[in-house]
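Visitor: Structure here, sequence nowhere to be found:
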């Protein structure tokens, strides 16, 4: 297996991902929120690339069973039921519901990589489970950092570096590209204290300014679940652990 | 001043660069080659984004005064007078000539950033002079890594990190973005021995396989010239040092 990192969804077009195994990372906060929603019983999460598409497909769905969530530049979109904070996706709010999710970076990254053969969503919350699954799969993997408005995201890269380090530890034959070497070096440099790292990134500072300090603490938690969101071409659902 | 790094030309569209100060880095080998050509007396270098455009504009120029140079995936393009090795751009070959240059990454990066107010070209060869000029300019700077086929390039990023480190040392008020922090960390990690770093990158290994080991040694040389190629919207010429 070979592990490669893409630092922005713009680095590759949609066809680049065709038939590949892809892991999407958007630590602040879409990955974390998707994992929370599905772990709390949401039936599925439908990531969309535009607000217009979110509104359009929600129109054809049963009102009570569907929730639209999303944010633009950290703030909930007007008229949407939910924003992009993992705390909003409680069992009470999302159980048995379909979530249509639009976010500035994360849902667009999933949309970009939609032609992947397998597509998983990772954050610090499920990082060890993700590494274990990748190490067992033993395939080439593209780790796609959602980035921030198509630019580099330090927190996504550090998470990618940690995922690579853990996966390599579990599968000694894993090879790494230059971008993976860089991500691992950045994990070594900045990853000792995840919470502190997140609070000191540009995105983290903006979230704190907007009152989401608690979200950052939640996003920083390592290995609190083994759940892995998996994309079937249309929706994200939890990977059936019994088939792993 | 604030220093920001873009890890791929695709991270931003052409208008992003409008009115900005931009430094393009393509260590292996376009930056290095452009600096060599102008230092050896070439009148100007015209970077182009496509082979077709290189051929088209060369048609309207005086044959004897114009040379087309370029490569695709390390190899000289058929029918072009020169490839992309700095050794081909000797004084004997290029003095008083106009060079039309197409390369896989570097010339496309310059084309992408063509709307910049100021656009400079940097490699390890002129890094200290570039840092001195930026520190004196005291403006916000976008450092654009040409990357490799639009993907991340470790060597360009390490060079960017070294440029940021040197510039900050000369201008203590310089602020840095998250991507600049990452580039500096990668410079600290991989920059101790530039030649060894270059030889061990994916691109470096490919150049060695194709017989360009000597080029890599040349590209690794630090501060061998103060010459700075500067783009006027159409062509690259040496920055007039007397006006600095």
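Guide: On my side now, so go ahead. Worth saying up front: this structure is predicted, and the values here are computed from it rather than measured. Numbering: from 1, shown residues only, chains lettered A, B, ... in the order given.
Visitor: where does chain A have its least confident helix or strand?
Guide: When each helix and strand of chain A is scored by mean pLDDT, DSSP states H and E, helix A:51-59 comes last, with a mean of 86.
Visitor: name the helices or strands packed onto it?
Guide: Where contact means 3 or more Cβ pairs under 8 Å, 6 or more residues apart in numbering or on different chains; DSSP states H and E, helix A:51-59 is packed against strand A:66-72, strand A:98-102. Where C-beta positions appear, they are placed from N, C-alpha and C, glycine not excepted.
Visitor: For chain A, which segments are assigned as strands?
Guide: Applying DSSP state E to chain A gives strands spanning A:2-6, A:21-25, A:44-47, A:66-72, A:75-76, A:98-102, A:118-122, A:141-145, A:175-176, A:229-231, A:236-238.
Visitor: residue contacts, residue A:24?
Guide: Contacts here follow Cβ atoms under 8 Å, 6 or more residues apart in numbering or on different chains; on that basis residue A:24 touches A:31, A:106, A:109, A:110, A:113, A:119, A:120, A:121, A:122, A:144, A:146.
Visitor: now, which of those residues sits nearest residue A:49?
Guide: Set against residue A:49, the nearest of those by Cβ to Cβ is residue A:110 (8.5 Å).
Visitor: Tell me the residues of chain A that contact chain B?
Guide: A:5-8, A:10-12, A:150-154, A:157, A:177-179, A:181-182, A:185-186, A:188-190, A:201-202 (Cβ under 8 Å from any Cβ of the partner chain).
Visitor: Now a ChimeraX select for only the buried ones of these.
Guide: Here is the ChimeraX selection string for the buried members of those, based on 16 or more other Cβ atoms under 10 Å in any protein chain shown:
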select /A:5,6,7,8,10,11,12,150,151,152,153,154,157,177,178,179,181,182,185,186,189,190,201,202
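Visitor: What is the nearest of the contacts of residue A:24 to chain B?
Guide: Nearest to chain B among the contacts of residue A:24: residue A:144, at 12.1 Å, using Cβ to the nearest Cβ.
Visitor: ok, that closest one touching residue A:26?
Guide: No: the pair residue A:144 / residue A:26 is not scored as a contact, 9.2 Å apart, by Cβ atoms under 8 Å.
Visitor: Just the pLDDT for the residue most central in space within chain A.
Guide: The centroid of chain A falls nearest to residue A:31 when counting by Cα atoms, centre = their mean (2.7 Å). Predicted confidence (pLDDT) for residue A:31: 97.
Visitor: Then residue A:62?
Guide: Predicted confidence (pLDDT) at residue A:62: the value is 61.
Visitor: now the angle from the biggest helix by length in chain A to strand A:21-25?
Guide: If each helix of chain A is counted by residues according to DSSP state H, the longest one is helix A:154-170. With axes from the mean of the first three to the mean of the last three Cα atoms, to 10 degrees defining the directions, helix A:154-170 sits at 140 degrees from strand A:21-25.
Visitor: And helix A:154-170, what does it pack against?
Guide: Where contact means 3+ Cβ pairs under 8 Å, 6+ apart, helix A:154-170 is packed against strand A:2-6, strand A:21-25, helix A:127-137, strand A:141-145, helix A:178-190, helix A:194-199, helix A:202-209, helix B:178-190.
Visitor: how about CSV for the ones you listed, with distance to residue B:102 added?
Guide: Converted to CSV, these look like this (distance: least, Cβ to Cβ, whole Å):
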stretch, distance to residue B:102
strand A:2-6, 25
strand A:21-25, 32
helix A:127-137, 39
strand A:141-145, 29
helix A:178-190, 24
helix A:194-199, 41
helix A:202-209, 35
helix B:178-190, 27
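Visitor: want to try JSON lines for those, with mean pLDDT and distance to residue A:170 as columns?
Guide: Below are the helices and strands packed on helix A:154-170 laid out as JSON lines (pLDDT from 0 to 100; distance: least, Cβ to Cβ, whole Å):
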{"stretch": "strand A:2-6", "mean pLDDT": "98", "distance to residue A:170": "12"}
{"stretch": "strand A:21-25", "mean pLDDT": "98", "distance to residue A:170": "15"}
{"stretch": "helix A:127-137", "mean pLDDT": "98", "distance to residue A:170": "4"}
{"stretch": "strand A:141-145", "mean pLDDT": "98", "distance to residue A:170": "13"}
{"stretch": "helix A:178-190", "mean pLDDT": "98", "distance to residue A:170": "15"}
{"stretch": "helix A:194-199", "mean pLDDT": "98", "distance to residue A:170": "20"}
{"stretch": "helix A:202-209", "mean pLDDT": "96", "distance to residue A:170": "29"}
{"stretch": "helix B:178-190", "mean pLDDT": "98", "distance to residue A:170": "24"}
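Visitor: which stretch among the ones you listed comes nearest residue A:232?
Guide: strand A:21-25 (13.3 Å).
Visitor: Give the partner strands of the closest one in its sheet and their orientations.
Guide: Strand A:21-25 sits in its sheet next to strand A:118-122 (parallel), strand A:141-145 (parallel), going by DSSP bridges.
Visitor: circling back to that earlier point, nearest to residue B:236 among the helices and strands packed on helix A:154-170 would be which one?
Guide: Across these, residue B:236 has its closest neighbour in helix B:178-190 (23.5 Å, Cβ to Cβ).
Visitor: what pLDDT does the nearest residue to residue A:228 once chain neighbours are set aside get?
Guide: Leaving out its chain neighbours, the residue that sits closest to residue A:228 by Cβ to Cβ, 6 or more residues apart in numbering or on different chains is residue A:239, at 4.4 Å. Per-residue pLDDT puts residue A:239 at 95.
Visitor: Backbone dihedrals for residue A:239, both of them.
Guide: Note on residue A:239: its backbone torsions stand at phi -60, psi 130 [degrees, to the nearest 10].
Visitor: how about a markdown table for the strands of chain A, with distance to residue A:210 added?
Guide: What follows is the strands of chain A, written out as a markdown table (distance: least, Cβ to Cβ, whole Å):
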| stretch | distance to residue A:210 |
| --- | --- |
| strand A:2-6 | 28 |
| strand A:21-25 | 22 |
| strand A:44-47 | 22 |
| strand A:66-72 | 10 |
| strand A:75-76 | 7 |
| strand A:98-102 | 18 |
| strand A:118-122 | 23 |
| strand A:141-145 | 22 |
| strand A:175-176 | 36 |
| strand A:229-231 | 25 |
| strand A:236-238 | 26 |
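Visitor: what's the closest of those strands to residue B:208?
Guide: It's strand A:175-176; of the strands of chain A, that one is closest to residue B:208 (Cβ to Cβ) at 18.5 Å.
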